[in-house]
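# What shape does this take:
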Amino acid sequence: MSIPISELEKEFSAATNAIHVDDRFAGMDVAPAMHPSVTFRHAYDPDELVPLPGYSKDRYIYGRLARPTASRLELVLSSILKGEALVYPSGLAAVNGYLCELRPKRVAITGGYHGVWDVLEFHKKLRGIEIVRLDETDKLEKGDVIHLETPVNPAGEARNIATYAQLARERGAWLVVDATFGPPALQDPFAFGADVIIHSATKFIGGHSDMMGGVIAVAPRHPELAHTLFEGRRVLGAVPGILETWLGLRSVRTLDIRTKQQSKTATELVAWISEELASGPENDVSKVVSTVHHPSLQKEDMEWLKKQMPGGFGSIFQIVMKSEDYARRLPSKLRVYQHATSLGGVESLIEWRMMTDNLAAGDIIRISIGIESAEDLKKDLLNGFKALVE
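Predicted coordinates for the structure are as follows:
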């Protein structure tokens, strides 16, 4: 006996649903169409007119409320993130969106993306929120927020979501997980107690370095929060452009296969660098590199980390060079790696982190692995290391 399609979809993998869960909106098109209209005709029959429908992603009135392409993208993201998803113009717009709705008096955060700190400082000036460290969760009260980035930018180390979920429950606080470095093919924060997940869709979800966007996904146990976030987005006008949502819909189709391959390649490269560093001080790697950081090297954490990131440990890692001069010059010695900020795209990027992060030390290099050949990426990096000491 067959089962309903809606039930069958629940059994499909994220890789399949990323391509097919929105088929019902496709019509005759196989590739998703872009709908540029920002206003939509009301029903011709006056008996069918319903004023101000409120929360609805498939009742189209005006673009700031809902649009076909954005609604399709949100449907796909809701499926693969396993919680109601809303899209925003950028990752920082998503951070601002949740802060405006949750209105915490305190936010616990340590390290992470410098842009998030800028948003927090803005809210500190705006309404006086207090920023505390992750080891100061005893200061939190009901309604406050633990903002947990994992893996964390730029070093890439992973943090135990379940541990912080327990701390949040004890204090009556919200656990917001920035999972940008751990897209859904690699980890599911809701399975470990997160209340809210945020992503910079500019990174892995977009995956081609050609769009900006942000995502908030809400755990199914908080349906009312999804509604208030929707209303807040409408009021603030924090909706992404039509082209960006179409690019996101195009890109999310390959998210699973891209991120798993990127993670696999990064883990291989990190293992190679780590082995070279351990083998002695006079090889071509250890002459210029001091340390390397990546979740795959957190050997003492593997008991929980393998459960939290079963799909792979991510494609971002950090290397600490033996001098600021080495870090500054390394990108210029490479052919495949592009010296640019951002991450998650199909091309491998390397960045002397001081270029964009005022919190970074001068010897820090961040690397985002793309989908090129692992062997070619290794050759290019090794050649660059050699060139630094010639």
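# Correct me if wrong, but Ile319 is in a strand.
Yes. Counting by DSSP: H, G, I helix; E, B strand; the rest coil, Ile319 is found in a strand.
# Do I have it right that it meets Thr291?
Yes. At 7.3 Å, Ile319 and Thr291 qualify as touching, with contact defined as C-beta atoms under 8 Å. C-beta here means a position set from N, CA and C on the backbone, and glycine is covered the same way.
# Tell me which of these two has more neighbours.
Ile319 (26 against 15; other C-beta atoms under 10 Å).
# measure that one to Tyr113 for me?
Distance from Ile319 to Tyr113, counting by C-beta to C-beta, to the nearest Å: 19 Å.
# try Lys82
On the measure of C-beta to C-beta, Lys82 and Tyr113 end up 23 Å apart.
# cool, Lys299 as well?
Distance from Lys299 to Tyr113, by C-beta to C-beta: 26 Å.
# Then Lys378?
28 Å.
# do Arg258 as well
21 Å.
# Pick out whichever of those two has more residues nearby.
Neighbours per residue (other C-beta under 10 Å) separate Arg258 from Tyr113, with Arg258 holding more: 24 against 21.
# Helix, strand, or coil at that one?
helix.
# so it sits right up against Phe204, yeah?
Yes. Counting by C-beta under 8 Å, Arg258 does reach Phe204; the two are 7.3 Å apart.
# Confirm that Gly182 sits in a strand.
No. Counting by three-state DSSP, Gly182 is not part of a strand but coil.
# which is the next helix or strand following the helix or strand where Ile216 lies?
Ile216 belongs to strand 214-218 when elements are defined using DSSP states H and E. Counting by DSSP H and E, the next helix or strand C-terminal to strand 214-218 is helix 223-236.
# okay, the angle between that next one and strand 214-218?
On the basis of axes from the mean of the first three to the mean of the last three C-alpha atoms, to 10 degrees, helix 223-236 is oriented at 150 degrees to strand 214-218.
# Now do helix 223-236: everything it contacts.
Helix 223-236 is contacted from outside by 55, 64-65, 84, 86, 88, 97-98, 100-101, 195-196, 216, 218, 238-239, using C-beta atoms under 8 Å, 6 or more residues apart in numbering.
# Buried ones among these?
65, 84, 86, 88, 97-98, 100-101, 195-196, 216, 218, 238-239 (16 or more other C-beta atoms under 10 Å).
# Which of those residues sits closest to Val270?
Taking C-beta to C-beta as the measure, Val270 sits nearest to Val196 out of the buried ones among the contacts of helix 223-236, at 29.7 Å.
# Quick one: the helices in the stretch 201-350 of the chain, in order.
Assignment of helices within the stretch 201-350 of the chain using DSSP state H, counting those that start in this stretch yields the ranges 223-236, 242-252, 255-279, 302-308, 324-329.
# Would you mind giving those helices as a markdown table with mean pLDDT and distance to Thr137 added?
Formatted as a markdown table, these follow (pLDDT from 0 to 100; distance: least, C-beta to C-beta, whole Å):
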| stretch | mean pLDDT | distance to Thr137 |
| --- | --- | --- |
| helix 223-236 | 95 | 21 |
| helix 242-252 | 97 | 34 |
| helix 255-279 | 97 | 30 |
| helix 302-308 | 98 | 18 |
| helix 324-329 | 98 | 34 |
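# CSV for those, including distance to Thr163?
Converted to CSV, those look like this (distance: least, C-beta to C-beta, whole Å):
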stretch, distance to Thr163
helix 223-236, 23
helix 242-252, 30
helix 255-279, 23
helix 302-308, 8
helix 324-329, 33
